[in-house]
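**Q** Provide a 3D model corresponding to the input given below.
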Amino acid sequence: RLKKVAGWLHRETGAEVKVFVDTAPVLEKPLARAAALGWQGKHTNLVSRQFGSWLFLGAIFTTLPLTPDNPEPDHCGSCRA
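**A** Numbering: from 1, shown residues only. Just a heads-up that it's a prediction; the model follows:
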């Protein structure tokens with residue numbers, strides 16, 4: 001699925017793209033947090049309001065200039081899970 005999105009992005013914009021899913025030393029969790037997909041819980045997993053911690057992470061690196069979203073705040077509070 002990620003390759004399909006990357007292919008579409010390349011066709012529509014001409015931007016260079018590279019897909020990573022467990023194929024390179026890419027730190028997906030901090031990147032996902034920076035992309036406002038969720039926050040990193042105390043159990044170190046990414047947590048999403050929509051999906052909880054049931055996520056599979058991958059990354060598309062691109063030369064397309066993108067404006068970042070504001071990171072999701074940490075919602076763990078005093079949780080000790």
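**Q** contacts, neighbours, all on C-alpha from now
**A** Fine.
**Q** where exactly do the helices run in this structure?
**A** With helices called from DSSP state H, the chain shows them at 2-13, 28-34.
**Q** Next, format those as CSV and append mean neighbour count.
**A** As requested, the helices of the chain are exported to CSV (neighbours: other Cα atoms under 10 Å):
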stretch, mean neighbour count
helix 2-13, 14
helix 28-34, 17
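**Q** wouldn't Leu46 be in contact with Lys29 here?
**A** Yes - counting by Cα atoms under 8 Å, a contact exists between Leu46 and Lys29, whose distance comes to 6.0 Å.
**Q** what touches both of those two?
**A** In terms of Cα atoms under 8 Å, 6 or more residues apart in numbering, Leu46 and Lys29 are both contacted by the residues Gln40.
**Q** tell me the contacts of the residue most central in space within the chain?
**A** Within the chain, one residue has its C-alpha closest to the average C-alpha position: by Cα atoms, centre = their mean, that is Ala32, at 2.9 Å. Counting by Cα under 8 Å, 6+ apart, Ala32 makes contact with 38, 46, 57.
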